[in-house]
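**Q** give me a model of this one.
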Amino acid sequence: MGRGLRQALLALWAGLSPALWAMPALAQEGQPGPVFKSQLAVVQQDQLFARTLYGKAVQARIEAARQSLLSENQRIEAGLEAEERALTQRRPTMTPAEFRKLADAFDAKVEGIRSAQEAKGRAVARQAEEDRQRFFQTAYPVLARLMAEIGAVALMDKSDIIISLEAIDVTDRAVARIDSTLGDGSASEAPAEAPEPSDAGQPEQ
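**A** Down below sits the predicted model:
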């Protein structure tokens, strides 16, 4: 499971009784035929980030930052290559000592620029991870309310499940609910405190 959803749901999982992980198929009183009800639901976490409007907006910002840094690096590289050619062309007109002094200064400049650009790259990667974490933290109350509606007490990433019934995969419903509640995230704040999943109601009919 990715760290975003895992961290957001850590408090929810803590202290759950093993009995609560059962996935019985029950026939509700007064209703003909069996109605599937599960206390464990799963989502495809990567799909929440890839398919929701909010997730797409986050990904677009991340990609824009990466492309901007890439373009900057390409411009800097072109400038340094031109500077190096110019220095090489001047070499016949200088003494070895003069050339060495300029060459050493150029090398130091290149190293300084490389260090600065690598730091920018790490900052972009760090921001991308923080944005992804913020997405799942903001989506958590929405997911918790969905869990309450379907009667689930635990939510896991589908990749952590060896085998399961498709009925407990609520990814499509989660995507739709996040879109309707948070939109692209630009004008959204974290929803109000969600009801405790342990107080979950009946599944939607």
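**Q** got the residue ranges for the strands in this protein?
**A** When assigned using DSSP state E, the strands of the chain occupy the ranges 25-26, 35-36, 40-43, 154-157.
**Q** quick one: list the elements packing against the third one.
**A** Translated: strand 40-43. The contact analysis (3 or more C-beta pairs under 8 Å, 6 or more residues apart in numbering; DSSP states H and E) places strand 40-43 against helix 96-150, strand 154-157, helix 171-182. Glycine gets a C-beta too; all of them are placed from N, C-alpha and C.
**Q** any chance of those in CSV, plus distance to residue 48?
**A** Compiled in CSV, the helices and strands packed on strand 40-43 are given as follows (distance: least, C-beta to C-beta, whole Å):
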stretch, distance to residue 48
helix 96-150, 7
strand 154-157, 9
helix 171-182, 6
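**Q** would you reformat those as CSV and include mean pLDDT and mean neighbour count?
**A** Formatted as CSV, the helices and strands packed on strand 40-43 follow (pLDDT from 0 to 100; neighbours: other C-beta atoms under 10 Å):
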stretch, mean pLDDT, mean neighbour count
helix 96-150, 94, 15
strand 154-157, 85, 20
helix 171-182, 92, 18
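**Q** for residue 39, which of the ones you listed is the nearest?
**A** Taking C-beta to C-beta, strand 154-157 is the member of the helices and strands packed on strand 40-43 nearest to residue 39, at 6.8 Å.
**Q** for residue 124, give me its contacts.
**A** Each residue near residue 124 by C-beta atoms under 8 Å, 6 or more residues apart in numbering is listed here: 62, 65, 66, 69.
**Q** now do 7 Å
**A** Residue 124 sits next to 65, 66, 69 when contact means C-beta atoms under 7 Å, 6 or more residues apart in numbering.
**Q** residue 78 too?
**A** With contacts defined as C-beta under 7 Å, 6+ apart, residue 78 has no neighbours.
**Q** quick check: the gap between the residue nearest the centre of the chain and residue 149.
**A** Among the residues of the chain, the one closest to the centroid is residue 132, at 2.9 Å (C-alpha atoms, centre = their mean). Computed as C-beta to C-beta, to the nearest Å, the residue 132 to residue 149 distance reads 26 Å.
**Q** equivalent analysis for residue 107, please.
**A** Remark: distance between residue 107 and residue 149 (C-beta to C-beta) = 64 Å.
**Q** kindly report the same for residue 117.
**A** As for residue 117, its distance to residue 149 is 48 Å (criterion: C-beta to C-beta).
**Q** and residue 66, by the same measure?
**A** With distances taken as C-beta to C-beta, residue 66 is found 38 Å from residue 149.
**Q** go on, residue 62?
**A** In this structure, residue 62 and residue 149 are 31 Å apart, going by C-beta to C-beta.
**Q** then residue 98?
**A** Residue 98 is 77 Å from residue 149, by C-beta to C-beta.
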